[in-house]
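Participant: got a sequence here, can you build the structure:
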Amino acid sequence: MNTSRTLCPGPRTRREFLSAGMLGLGGMALPDLLRLRARAAERGAAVERDTSVIFVWMPGGPPHMDMYDMKPNASSDYRGAFRPIPTKVPGMDVCELMPRHAAVADQFSMVRSISHTFADHGGGHKRMMTGRVPLTPVDTVNDAPATGSIVAKCRETRDYGIPNYVSMNPGGRTGDVFAQGSAYLSQAYMPFTVEGDPSAPNFSVPNVAPMQSMAQRIDDRTRLLASLDRIERHIDASRMMESMDTFQRRAISMLTSGRAKSAFDLSLETDAVRDRYGRHCWGQRALMARRLVEAGVSFVTLVMENPYQSGVSFLKQGVYNWDSHAVNCHIWHDLQARLPIYDQAVTALIEDVYQRGLDKRTLILVTGEFGRTPRIENSIGTQTGVAQPGRDHWPQAMSLIMAGGGMRTGQVVGSTNSKGEHPADRPLTPNDLWATVYRHLGINYDDSFPDHRGRPMPILPFGDPIAELLSA
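Facilitator: Numbering: from 1, shown residues only. Now for the predicted structure:
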């Protein structure tokens, strides 16, 4: 028995953003962001469609063998503790802890054959977030732009009175943690970050809700502008526009038009809808994501990391993210607490997108950075002090689901071998996944942007849309 007690802490911050990019965390006012975006803009915007993406991110690495690619006929040291249950789609099974998935299986497709070679959280995050092979196998500071930043760049001329790229991160974490950085596109294309638990009574969105009430109280435009600029700026003066008034007006428009405030206001939803998503952080974040794409946001990253909040008691044998090593958690106990919450939030989002007629324009993608080892490990738990089961990092095989986007749904794409170790057919890469997403958004992924040295860097260096998912 492996008795190692080295804790795998999962993704951690390597540095803090103290300049532009901390919008939503108190580091930068909206006018600054708009000026940065204007200065960073280049000629030749891509052809836009009225399309959007909700990207559900499960940091740590969800266990494919215990969720979407179960192997009930494998030996006990591989197959796990739970049984698969049939869905309404013949031949598609899911874990018994996800019965809501079974009921809506015709509204999503399952991809079982994506793989890559980066087993560290940092390398895995960068590989999955960017569609590029990272320069280093560790650390989550991007050396290439995350997909959300690419979308923000390609759609920078779109102005719906609400940010184009929003990331809902827990605990005030910056883009560095989940490799959401904008790299050589500059800080102008970092996401508008929303922290906290939307199910909490005191939840508010920095730079939107407080500023909205301020705008209603202050009549003097000069005082309002001074309030917007209350944070010390970290912008090189040589990059400032000669005239800033345009961007001040756009910032005020965003804060006073009511569109942004309305999009983040979950009280406008009925109790029945909020209950369907679940009165917990993951559920209410998912509901907010749907409201944001309805309001015009192009790309929403929805982080589902820690289920032990919103009144859910933390398990001594649980772990805050999906990093289910035996030293971190008892994987079966953790999944018994985690998967029902996940099942409720994700399926409510999928159903809602279809019921509201958003399924052609909004694509939902649900994934983490890699899968987990097919073979179960046993070790001494750091928190429990007793031997318990878990699974290690495994980029050689992973499963994910996609819904909406006008795609063909109710199918399984690809498969793994009998032990879930590697693709058995239809091997795919993260680039094929992002090529599918960019196609939906109407973004030419062969286009390039210059890096810090002025060298043209294609949005995707390789990859093709997943043909099975494309509508006729």
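Participant: pull the CA atoms of the helix or strand hosting A260 into CSV?
Facilitator: Using DSSP states H and E, A260 falls within helix 259-264. Extracted in CSV, the C-alpha atoms of helix 259-264 (Å, rounded to 0.1, in the frame of the first residue of the first chain):
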residue,chain,number,x,y,z
ARG,A,259,-28.4,46.3,-18.4
ALA,A,260,-25.4,45.0,-16.4
LYS,A,261,-27.1,45.4,-13.1
SER,A,262,-30.1,43.5,-14.3
ALA,A,263,-28.0,40.7,-15.8
PHE,A,264,-26.4,40.0,-12.4
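Participant: ok now the helix or strand just after it, how far from the chain's centre?
Facilitator: From helix 259-264 onward toward the C-terminus, using DSSP H and E, the following helix or strand is helix 271-277. Helix 271-277 sits 22 Å away from the centroid of its parent chain (Cα atoms, centre = their mean, to the nearest Å).
Participant: swap in stretch 179-199?
Facilitator: Counting by Cα atoms, centre = their mean, stretch 179-199 comes out at 11 Å from the chain centroid.
Participant: could you pull up the mean pLDDT of it?
Facilitator: For stretch 179-199, the mean per-residue pLDDT is 90.
Participant: if we can go back for a sec, helices and strands around the helix holding A260, which ones?
Facilitator: Counting contacts by 3 or more Cβ pairs under 8 Å, 6 or more residues apart in numbering; DSSP states H and E, helix 259-264 packs against helix 209-217, helix 281-295. In short, each C-beta sits where N, CA and C put it, glycine included.
Participant: quick one: L335 and E96 touch, right?
Facilitator: No - L335 is beyond contact range of E96, at 10.6 Å (criterion: Cβ atoms under 8 Å).
Participant: what do these two both touch?
Facilitator: Residues touching both L335 and E96 (Cβ atoms under 8 Å, 6 or more residues apart in numbering) are F82.
Participant: neighbour count for the two, which is higher?
Facilitator: The residue with more neighbours, out of L335 and E96, is L335; 25 against 13, by other Cβ atoms under 10 Å.
Participant: can I get stretch 295-306 as PDB, trimmed to CA atoms?
Facilitator: The C-alpha atoms that make up stretch 295-306 are tabulated as PDB, following Å, rounded to 0.1, in the frame of the first residue of the first chain:
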ATOM      1  CA  ALA A 295     -27.800  40.000 -21.800                       C
ATOM      2  CA  GLY A 296     -25.200  39.800 -24.500                       C
ATOM      3  CA  VAL A 297     -22.000  38.500 -22.800                       C
ATOM      4  CA  SER A 298     -20.000  36.500 -25.400                       C
ATOM      5  CA  PHE A 299     -18.000  34.200 -23.100                       C
ATOM      6  CA  VAL A 300     -18.800  33.300 -19.500                       C
ATOM      7  CA  THR A 301     -16.400  31.100 -17.500                       C
ATOM      8  CA  LEU A 302     -18.300  29.400 -14.600                       C
ATOM      9  CA  VAL A 303     -15.900  27.900 -12.100                       C
ATOM     10  CA  MET A 304     -17.300  24.900 -10.200                       C
ATOM     11  CA  GLU A 305     -14.600  24.100  -7.700                       C
ATOM     12  CA  ASN A 306     -15.700  23.800  -4.100                       C
END
